[in-house]
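In: The amino acid sequence is not available; the structure is as follows:
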C-alpha cells in the first residue's frame, strides 16, 4: 500500500505536463517577455505559439493540440478594452465561452483548458499563471489514456 | 523546396548559461528542411549578422530561423540582415530562446529541450512563410481636426499652413473654445480675445481649412490614410449663405432668458443666438430646445425680422461624409461639477462660483462688463476666497490627478480681482503651488508680493452661508497650525479639469483608448505623446490631460507636424500581415464582414463577362485590414487566411509539438 | 503480413528540373534492384504510377521516360495540391515512394513502319514523351515522326531542352506553338492554338497513328482536325486522367461507365472513347 | 442436428470467445441493434435487422496500409501488419453473407487484397435465416432469399416456434466453429420455422438492361433533387466498397490509410484542378445505381446489391434504391407494351 | 379542410400562378415520410402533412439543383421556418415562400417576414424534449473521464458519412472545413481523432445558429446522440448571450458579435 503511494507520488512528480499556449503578440507574448527580462522563474512545460491576436485563435488549434497529446492548452491575450485590434479578444471571449462548454461536455474539462488575460505589463502574472496551471495539470495527471481527441493509429 | 538556415545565439551567457546552444543547433540541423545550422556568441553583432548573410547567399537559403532574444527586440535587425543578403525579410523568423526560455528556467536539460521545440516550431512555420511585400495605401491628404478650441485651431492652422487641407469640426456654433471666454491669460495677463480672435478669423478664412461648426462626428470607417468620417451637421435653422449676421433676429427673439453657456450661466441669451460677439462664424443658430416656434409651433419672430429670409424652421440635421487621411482629436476639457462637494454648498450657493464664472465676471465682454460683481445681488465682493484643488487630487471623488492649470489661473484671478477691487481681500487656500513653467513662479510671486493676494496653505473644510448673506469659509492654516475662518462675499472654486462630455463615445469611434478619468491615451507616455493606438489619429490639448494654453498649442503643433509627416508621402507602407478570402469557396455567410473590427471585409460581387451577377463573396480591403485574424477564426469553412499567420503555418507549428 | 499491393518501392531523386511554373521533372532511381527489375519487366509506354511522400500521400501520374531507358524512371507533374506540393518539395538525394506501373499501354508494336503524329498541349506532353523517346530510341522501326506541341505561353512549354533536340533531328518534324499573347519577342515557333497549328502542319493521316494529349478543350477541337486529315478513329490515341487512389481497380472513382481508367486505361482510342459516356469524363 | 435454445446465443458467443474467436453479434445500442464485437454480459438481439452490415469487420472503415518512420527529411518503411483476428460472426443476415461473396470478386480482381483475404479466411460467418422482414427488404428481387446460404459458413435457423435454433455447418470453417461450440450445443431434433416472406419487388435483369440504355434519363435528375449527398447509404451497404487513400502523420511517423469513401460525396471524383466528372447529385445517383445494377454485372457477372434495404432504412431523405428499381422495371414494362 | 388538403390547394395555386416553380413538401412512402418535389399543379396530390413529417426541408433551399428551378415554396413546420430565418440572417436567402404548418394549425402561405412574425407570436417557446434535457443532465453529472469514455464510444461509431452535415440546413458551406486539405485540420479517417475533431467542430460551427431541429441526429445512421452537443451549446448561447436563433432574420451572428459585459468568469 505504502509502496503504491510512493510510486504514485513519484509518477506524479515525474509527470511533465505538455502544455501548448496560444497567445497574442501584443499583450501576453510581451508579458512573457517581461517575465523573462524580470528573470522570473516558471516551469518549462509550456510551448508558446504566437498569434497576432486571440481573435485569430480557431478552436481547431486547440483540438489539434489535444490530438497531438497535449495535456492542457492555455489561451491568453489582452485584457478587455486593451486589444491592439480593439475587439479581437471580445470575439475570442465569446468563442471560448462556448467552446469550453463543448470540450467539458466531451471530457476535456476545465483542468485542461485555461484562458487568461495577461497584459504586456504583467510579467509576474504570466509567470504565476504558468506555474499554477503546470501544477494543476500535474495534479490532474496525464490526459491520456482518456484523451478523446488523441490520434491512435 | 525548403532550404532553411538556423542560427542559435548564445547572447553572451544569457542564453548559453541555461540552454546548450550547440545541442540546439545540432538538433536543428536534423530537422526536415534545415540545410544549415550554426550557433554563435552574439548573433546580433556585426559578425553574427554576417554569418547569417553569408549562409543565405552561400546555401541559397529559402528561410531562416534565428534562435535568440525576443523578436520584439531584434526581429527588425535580423530581417534587415536577411534582406541585405537578398532574402525577403518575411522569410526570417525568430525563436525566443532568451525571454521565453533561458531567463525563466533553471534546469538546463529541460530548457534545452524547450529551446529545441521552440526552434522546431519556427522552422516549421518559416518553411511555409511566403515572401511578403509592404502594402502601399494611398493617403488622402486631408486632415480632420475635431474640436475648435485653441488646440484644434492651432493644429488646423499648422496643417493648412503646411499646404494640406483640413476639415475643422466644432460641436458648438463657434470656434474659439474656452480660450475665448477667458479675460486675461497667465503669466503675461494679455487679453485672451485679443490674441485668439485673429487666429479664429484666420482659421475661418484660410483657403485650406473647411470649417464645420455646429457639427459632430457621427461615424468613422476606414483606417490611417483613408478614413471615411460621417459628420452630423446639426440643423441651424438659419441659412448661413443668406445670413449677414446683422442681429435683427436675436433682437426680436422673445425667448431671452436662456442661460448663456458662453457666460457660464451668469448671463442670458436668446433662442436664436450667436454665442458671443466675436464668434466665428459670426452667424446665429436656433437652439431647438428653447425656440418657441420649434417647441410650441408658433412665434416666428426671428423669421419675420430677417430681411434676407435666412431663417428656416424646416432645417434638418445633415450627414456629410468626408474622406480624410489623418485625424487630430482636440476635444478639450470641462470643469468638474463641484456640486458633489456637500461641504462647499453642493452647488447651491450662488456666490460660490467656478473659475469660468470668475473669468466672465472679470471679462470686459462679460455680463458685468468686467466689473467684479457677485452673482447673487450684483454687489462688489469685498472679500473673495479662492480654493484650489477642488476635486483634483481627491481620490474620494475619483480624481487622483493634478489639474495642472488651477494654481496659475487662481493666482491670475486673485490679481485680476485686486486690480479691480483695490481694497478687497483675495485669499487663496492651496495645498501646494505648482508653478513649473516659464515665468510662472514669478507670476505667483507677483500676485503675492505686488498685488497682495493672501495665500493660506490648507484645506477648506466647510463653507456655509450666514443669514446676512456672508459665506463663512472654515479651513485650516497648516503652516500656522491653526483653524481659519473667513467671512467671504464670494468664493471661487478651482474645479478639477475633466475631459469633455461624450469623449468616450468619440474615442470608441476612432478606436482610441482612454484612461479611467476619460482622458485619451497616448501611444506611449514618453516617446509617443501625440500619437494614439489608432494609427493616423493624433491628440492635441486637454483631451489627453489637463494643459494650459502654451502646452495645448505646443501639442497641437506637434500633432500637426505628425500629420504633415504622414502626408509628406503619397502612400503609406503597411505591414503585409493582412487577411485574404478564398473567393472560390466563400459562401458569403457574412460572419467575417460583421465581425471585422475595422470594417475591412466587404461584400464583393463576382460578375461574368457580360456583367451578370454570378455570386457575392467576402473580400478583404487590404488598406483597412490590420491583420488581427478575427475573420479567419470566424470563417467556418476556412476560406480566409492571414498572411504571416496562415492556417498552414499554425497547423505545422502545433503539429510539430506532438 | 502487409497488404502487398499497397507496398511502395523507395526511389531516390537523382535529378530534379523545373520545366515551367509549378511544373517539375524528377528522375528517380529504385533503391532496391529487385524493384527495378520488376518494374521494367512490366513497364510499357503509357502506364502510370503512384508517387508519394509518406505523411502527405500518393498521387498518380504517368511515367514520362521510355522503357528503353532502364536505369531510372522520370515523371513530370504540376503542383496542384497537398501531395504534389510535397513531392515537389523533395530534393535530389531524398526519396519518394513509388508503386506501379499500372494501367494499359500504347500498342506501339502494332505501329511499326507507320507514320506517327504526336499532338500535345501544355502539361499533356509528359504522357506521350515516353512514347516519343521509345520511338526515337528504336530507329528504323517506325515511320516519320511529327510532333505538334503548344502551350499557353513560352514559359509553360515543358522539356525545352528536348524540344530543341527533337527540332534538330532529321527524323522528326517538330512544330511548337504558343497561344496568341503567350509569345516572347524572341519566340521562333508558331503562334496559335494547337488544333489550328495542326491543321496548318497537315501531316498526312491515312495509315498514320496520332497521339493526342492535353486539356479537354484542346482535345475536343483537335479530334475533328485529325479526322479531316484522314486519321482513322481506331488510330487516334489519348490518355485519360481521372482521379485515382488505388490504381488497381478497387477504390471505385476513376470509372467512366463500366470502364476503369486505372485498369482498362489510361490509354484509349478515339473509337473506344466514343462508346464511353462523355458525362463521366 | 445441433440445437441451441433461443436464449442461449450469449452462451454460444461465450464459448466461441473462450475458444479464441473474436465474436461479432447483433447487440442492442440505444434505439438500434448493431453488429458489434460481443463482450461478456452483452445480450444478443437477433430480432431486428442490424443497422450496420458485417462489412466493417472484414473491410474496416479505416485501416493502416503502410507505415513509415520519419527522421528529418528521410523515411523508412515499417511493418504495417494486417489485423486479421479469428472471428465468428453470429446471426449475420443472408444478404450480408452474400455481399461478402460479391466483395471477394472486387478484392481479387487482378490485384489480390491480402488484408481482405486474410480476414475473410479468418472469419466464420454464421448466417441467420431471416424469420421476419420489413418493408425495405428486397433480397428476393436481387437473387437472394431470407434463407439463402451463399457466403455463409454455418447457418442458424429458428425452430420450434422461435424457441430454439438449429445450427448447421456448411463447410470446414463452419465445422470448426461447431466443434468449438460443442459444449453449448445439444443433439436433437427441431422443426425449422418458416423463413420470412419477402415479396419480389422488381426484375433486376430488367434494371440491368434499362441501365445499359439510359445513361441519360430524367429519372436521375429527380433522384438528384431529393438526395442530400451524404454517405449514409454507401456506408450501410454491405457491398459498397469504395475507398480513399490518405496519409497522416507526425514528425516521427507517417501512416498511409485506407478509408471508406463513397460516390455520393461531391469530392469523390473531383480533380485537383476543380473539374468534376460527376458534377451533381443526379450524376452521383446514376453512378450508384449503374454501379450496382450494370457495371458490376458487366465486370463480375453479378449484382452489387443484395437487397438488405439498409440504405433506404437509414436515408435521411428516405430514398430507396428498391423503389427506384421498381419504377425502372415498371417503366420498362409499360414501354414494352 | 385538413392540413394536407389545404397545403395541396395552396401548392396548386402557387404553381399555377407561377409564384413557385417547385413546391417542396412531404409525401408518403409506405409507412414513411419522404420529401416531395412538385412542379406541376396536377401533381400536388402526393403532398401530405402529419406528425410523422420530420425532415427539415429547409435543407433543400440551399441545393443548386433546387435553386436552379426558380422560385421555390416549402412546406414548413416551425423548425423549418426557424432554419429559414437563420439562413436569411446569414444572407443565404433573400426571400422564401412557406406553407406554414404548426402542430396545431395550418397558417397558410407566408413570406419570410410573415414566417418570422408567426414564429415570434406562436412558437417562441419551443422547448427541447424532457428526455433530451434529462440525458444532458445525466451526462453533466458524470466525471470528465466518464464523459470522455461516453463520447469516445459514441464517436467510435461515426463512419464519417456526413449525413449529419447533409441533413442540416445550416451546413451550407461550399467547402466544408473537413474537406479542406491544406492544411487538413480534421482527419477524414473514421478513427478516434478525426471523429472527435469532426463532431466537435460540426457542433461548434452550429453554436449560436442551431435551432435544435434535430435533423442531424435523425439522419445519423449510427445513432450518435448529436443533440446532446447541440443542446448544451444552445443552452449556453441562451444563458450567456440571451440569444435564440431562428426568430430574427436580421440577427447578428452570435459568434461574430460581442458585448462588453459578456461573461468572463472563466478567464483568469
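Out: Structure's in. What do you need? Nothing here was measured: the structure is a model prediction, and the numbers come from that model.
In: Contact distance from chain A - what residues of the stretch 1-150 of chain E qualify?
Out: For the stretch 1-150 of chain E, the contact set with chain A under Cβ under 8 Å from any Cβ of the partner chain comprises E:139-140, E:144-150. Quick note: C-beta positions are derived from backbone N, CA and C, even for glycine.
In: Recalculate using a threshold of 10 Å.
Out: Applying Cβ under 10 Å from any Cβ of the partner chain, we find that the stretch 1-150 of chain E lies next to chain A at E:136, E:139-140, E:142-150.
In: Out of the residues you listed, give me the two with the largest separation.
Out: Largest separation among those by Cβ to Cβ: E:136 and E:145, giving 18.1 Å.
In: Count the residues that sit near residue E:57.
Out: Residues near residue E:57, counting by other Cβ atoms under 10 Å in any protein chain shown, number 26.
In: residue contacts, it?
Out: Neighbour list for residue E:57: D:317, E:24-26, E:35-37, E:72, E:74-77, E:79-80, E:83-84, E:98, E:169, E:215 [criterion: Cβ atoms under 10 Å, 6 or more residues apart in numbering or on different chains].
In: nearest to residue B:368, of the residues of the stretch 1-150 of chain E next to chain A?
Out: Out of the residues of the stretch 1-150 of chain E next to chain A, the member with the shortest distance to residue B:368 (by Cβ to Cβ) is residue E:140, at 74.6 Å.
In: neighbour count winner among residue E:136 and residue E:145?
Out: Comparing residue E:136 with residue E:145 by other Cβ under 10 Å, the one with more neighbours is residue E:136, at 20 against 14.
In: Now the element after whichever strand or helix holds that one, going C-ward?
Out: Element membership for residue E:136 (DSSP states H and E) is helix E:130-140. Counting by DSSP H and E, the next helix or strand C-terminal to helix E:130-140 is helix E:144-156.
In: Enumerate the residues of chain E near chain C.
Out: Residues of chain E lying near chain C (Cβ under 10 Å from any Cβ): E:181-184.
In: now those residues as JSON lines including neighbour count?
Out: Formatted as JSON lines, the residues of chain E next to chain C follow (neighbours: other Cβ atoms under 10 Å in any protein chain shown):
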{"residue": "E:181", "neighbour count": "17"}
{"residue": "E:182", "neighbour count": "14"}
{"residue": "E:183", "neighbour count": "20"}
{"residue": "E:184", "neighbour count": "19"}
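In: ok, which of these also contact chain D?
Out: Counting by Cβ under 10 Å from any Cβ, the members of the residues of chain E next to chain C near chain D are E:181, E:184.
In: Show me what the helix holding residue E:136 packs onto, helices and strands only.
Out: helix A:88-105, helix E:144-156, helix E:226-241 (3 or more Cβ pairs under 10 Å, 6 or more residues apart in numbering or on different chains; DSSP states H and E).
In: Can you show me the strands along the stretch 151-300 of chain D?
Out: Using DSSP state E, counting those that start in this stretch, the strands of the stretch 151-300 of chain D run over residues D:154-159, D:164-169, D:186-187, D:243-249, D:253-260.
In: Direction included, what does the longest one pair against?
Out: Pointing back at strand D:253-260 there. Sheet pairing of strand D:253-260 (DSSP bridges) gives strand D:62-71 (antiparallel), strand D:243-249 (antiparallel).
In: I'd like the mean pLDDT over the last one, please.
Out: I take that to be strand D:243-249. When pLDDT is averaged along strand D:243-249, the result is 96.
In: Over to stretch B:596-606?
Out: In this model, stretch B:596-606 carries a mean pLDDT of 91.
In: same check, this time on stretch D:86-105
Out: What stretch D:86-105 shows for mean pLDDT is 97.
In: start to end distance for it?
Out: Length of stretch D:86-105, first residue to last, Cα to Cα, to the nearest Å: 22 Å.
In: how far does it sit from the chain's center?
Out: 7 Å (Cα atoms, centre = their mean, to the nearest Å).
In: Next, the buried residues of it.
Out: Within stretch D:86-105, the residues that count as buried by 16 or more other Cβ atoms under 10 Å in any protein chain shown are D:86-100, D:102-104.
In: which bits of chain C sit near chain B?
Out: C:16, C:24, C:55, C:82, C:88-92, C:94.
In: circling back: please dump the residues of chain E next to chain C into a markdown table; it should also carry distance to chain B, pLDDT and secondary structure for every row.
Out: Below are the residues of chain E next to chain C laid out as a markdown table (distance: Cβ to the nearest Cβ, whole Å; pLDDT from 0 to 100; DSSP: H, G, I helix; E, B strand; the rest coil):
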| residue | distance to chain B | pLDDT | secondary structure |
| --- | --- | --- | --- |
| E:181 | 10 | 90 | coil |
| E:182 | 6 | 90 | coil |
| E:183 | 4 | 94 | coil |
| E:184 | 8 | 94 | coil |
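In: now, which of the residues of chain E next to chain C sits nearest residue E:128?
Out: Looking across these and measuring by Cβ to Cβ, the closest to residue E:128 is residue E:184, at 34.3 Å.
In: so who does the closest one touch?
Out: The neighbours of residue E:184, taking Cβ under 10 Å, 6+ apart as the test, are B:651, C:56-57, C:82, D:246-248, E:177-178, E:194.
In: What of residue B:500?
Out: B:147, B:149, B:171, B:177, B:331-334, B:506, B:518, B:542-543 are the contacts of residue B:500 under Cβ under 10 Å, 6+ apart.
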